[in-house]
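Chemist: Test case, fold it:
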Amino acid sequence: MMEAEHTSMTIPYLYETIAFLLTVVIVVPLFKRIKMSPILGYLAVGAIIGPYGAAVIHDANAVQHFAELGVIILLFTIGLELSFARLKSFSKLIFGLGAAQVLVSASIISGLAFWWGNTIEAAVIIGLCLALSSTAMVMQILHERSESATTYGRASFAILLFQDLAVVPILILLTILGDTSSGDSSLWLTVGSALLKAAITIGFIIFVGRFLLSFLFRHVARLRNIDVFTALMLLVILATSVITGLAGLSMALGAFLAGLLLAETEFRHQIESEIAPFKGLFLGLFFMGVGMNLDLVMAFEYGVWVVLSVVGLLALKATIATLFARLFGLSWQDALRTGLIVSEAGEFAFVVIGQATLSYQLIEPNIGQFMVVVAGLSMIFTPFLAMFGKWLADKYNLSQTPNAAPDALHDHIIIAGFGRVGQAVAHILTQQSIPYIALDTNADEVRRLQKQGAHIFLGDASKQEVLHMASVDNASVLLVTMDDSHASIRTTHGARQHHPELKIVVRSKDEQHSTALLHAGANQVVPETLEASLQLCAHTLQASGMSREEATACVEIERSEAYSRLLHEAKAIGNQNPACDKP
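Modeler: Residues are numbered from 1 along each chain as shown. This is a model prediction of the structure:
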């Protein structure tokens, strides 16, 4: 009995684990009840129980090692929600807006740090570190508020993604500045070899992943063992993270690449559901770790300077990001919300400032600790800045729900997504005097189309309260025409869960997307690639001499076979939806 008791008391990090789980059980429900982000609770508890507070947990670094898994898993889930095609579609924001924000912010902050008496080397490192934002903090807030797919959400993500890519050059620069004994040729060799290694590593992961991941997951899926499936998922995340880490890249970047590769497979949504609990717990641990790194004694000792530094950092970065976002075509509303949510410092500052202070002696210890406190406190303000941005948007612009929808509307069609396809459908409905309500998340487009007389409202159709405001209970059909594949599946799934009798027709990208939509609850799916190819085939057959009737008959046979294959694939993976209608 005594031996068992002794063993239980010597389990590594037992007290830390208990303290963390107790925090999750108490803090998350409490902060949700008062309608505040749980992130604030994690930060506060971390500061209280950490080494600079009550010292319930003495080794904050040990906790931080586990907490980094939260950022890795977060970037993996972000990759799952994207694809290489979608990533390419807003490369202008990534390499334009993101680069402008980092370079200008870093230049101004470095100049201020140098003017304040730091060496040029220390000023450059401080400027680059504080120019970056917290990917974990921002993306978690966007997920909590279901704003990842909004205009400002995409712009914020573009900035964060460029910042993650900038980690490699910053680490190289830190090595160069810290190694003053190296000659010019040695420095250029270091830079060149590091960049080459980074390119080879990323190319290797993408090349091997495209061929290997689908095969592995299909093989494991046939076993119908969720434990093995989850183990493979975690193995892929950690393996890609380790590979990029060994190459000198951000470990989170490796996880992000793995997510991008798996986003193009049929297992994407199963993986999302399995990873969700890990993401939430490890991110909570990460935010507690951030709180533990806050030296509250120093914060109070240099109170005025800390406050001025935090406020100055937030104001400077928010202003720069807002102005550049506006220059890149965002509305003032979206530009301001983007600027506010990326104005904080990031977790990367803790790592680099620590190395610059302890390993390379580029920054004086007291200055380094001061900057860590400023970075940590700026992160605490991020949820409040997000709420402030939302308040400004609600007060001076369109609301997030279609509250102007007519209450007495019956037998209307709800169009979720009002791009070119949605507008074309709406034009025909108007000609036939069929009532409709359109929903879209692009505030600028909503405003423009409202002025043209369209029955459109700003709102995310995946949210049930938005559908309710659009009188979904009285609607005859929900037509989902969104460009975002993930959003269309999420919208279909949510509508089917809450409205079992609702007819749902969805535009799909291809047969794989169609299968996922049928599983999510769509009655009918229309693959745009299939329909386009059938129309081309019909015209080609007629041009070759076949009569219109014969060409139409051939195309109809192929259409019937294609949709039959689609339903067969849904059955084959156990995803048959009883609501499905044969097109």
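
Chemist: Spit out the contact partners of T552.
Modeler: A538 (Cβ atoms under 8 Å, 6 or more residues apart in numbering). No exception for glycine: its C-beta is placed from N, CA and C like everyone else's.

Chemist: element containing it?
Modeler: Assessed by DSSP states H and E, T552 sits inside helix 548-572.

Chemist: same question, E147
Modeler: Taking DSSP H and E as the definition, E147 sits outside all helices and strands.

Chemist: Phi first, then psi, for the residue nearest to it when sequence neighbours are not counted.
Modeler: The spatially closest residue to E147, leaving aside those adjacent along the chain, is G153, at 4.5 Å (Cβ to Cβ, 6 or more residues apart in numbering). Backbone torsions of G153, given as degrees, to the nearest 10, read phi -70, psi -40.

Chemist: Contacts only, for the residue nearest the centre of the chain.
Modeler: Residue closest to the mean C-alpha point of the chain, counted by Cα atoms, centre = their mean, is I78 at 4.0 Å. I78 is in contact with M139, F157, F256, G259, counting by Cβ under 8 Å, 6+ apart.

Chemist: Can you tell me which of these end up in helices?
Modeler: Using DSSP state H, M139, F157, F256, G259 are the members of these that sit in helices.

Chemist: wait, E144 sits on S37?
Modeler: Yes: E144 lies in contact with S37 (Cβ atoms under 8 Å); the separation is 6.2 Å.

Chemist: quick revisit: in PyMOL, how would I select just the buried ones from the contacts of I78?
Modeler: One line in PyMOL is enough to select the buried members of the contacts of I78, burial here meaning 16 or more other Cβ atoms under 10 Å:
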select buried, resi 139+157+256+259
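
Chemist: circling back: of E144 and S37, who's got more company?
Modeler: Legend: neighbour count by other Cβ atoms under 10 Å for E144 and S37, higher for S37 (21 against 15).

Chemist: Okay, A299 and I320: tell me how far apart.
Modeler: Distance of A299 to I320, given as Cβ to Cβ, to the nearest Å: 25 Å.

Chemist: and if you look at T491?
Modeler: Noted for T491: a distance of 35 Å to I320, by Cβ to Cβ.

Chemist: Give me the residues contacting stretch 319-339.
Modeler: Residues from elsewhere that reach stretch 319-339 (Cβ under 8 Å, 6+ apart): 92-93, 96-97, 100-101, 104-105, 108, 150-152, 155-156, 159, 317-318, 340, 342-343, 386, 389-390, 392-393, 396-397, 443-444.

Chemist: Out of these, which end up buried?
Modeler: Among those, those classed as buried by neighbour count (16+ other Cβ under 10 Å) are 93, 96-97, 100-101, 104-105, 108, 150-152, 155-156, 159, 317-318, 340, 342-343, 386, 389-390, 393, 397, 443.

Chemist: returning to that earlier point: what's the neighbour count on the residue nearest to E147?
Modeler: 23.

Chemist: My understanding was that it contacts I141; is that so?
Modeler: No: at 9.8 Å, G153 does not count as touching I141 under the criterion of Cβ under 8 Å.

Chemist: in stretch 110-122, what counts as buried?
Modeler: Buried-residue list, stretch 110-122, by 16+ other Cβ under 10 Å: S110, L112, A113, F114, N118, E121, A122.

Chemist: Widest-spaced pair of the residues you listed?
Modeler: Across those, no pair lies farther apart than L112 and E121, at 15.4 Å, counting by Cβ to Cβ.

Chemist: Could I get the full set of helices for the stretch 251-400 of the chain?
Modeler: 251-262, 268-292, 296-301, 303-327, 332-341, 348-358, 365-380, 382-396 (DSSP state H, counting those that start in this stretch).

Chemist: what's the average pLDDT for the shortest one?
Modeler: If you average the pLDDT over helix 296-301, you get 81.
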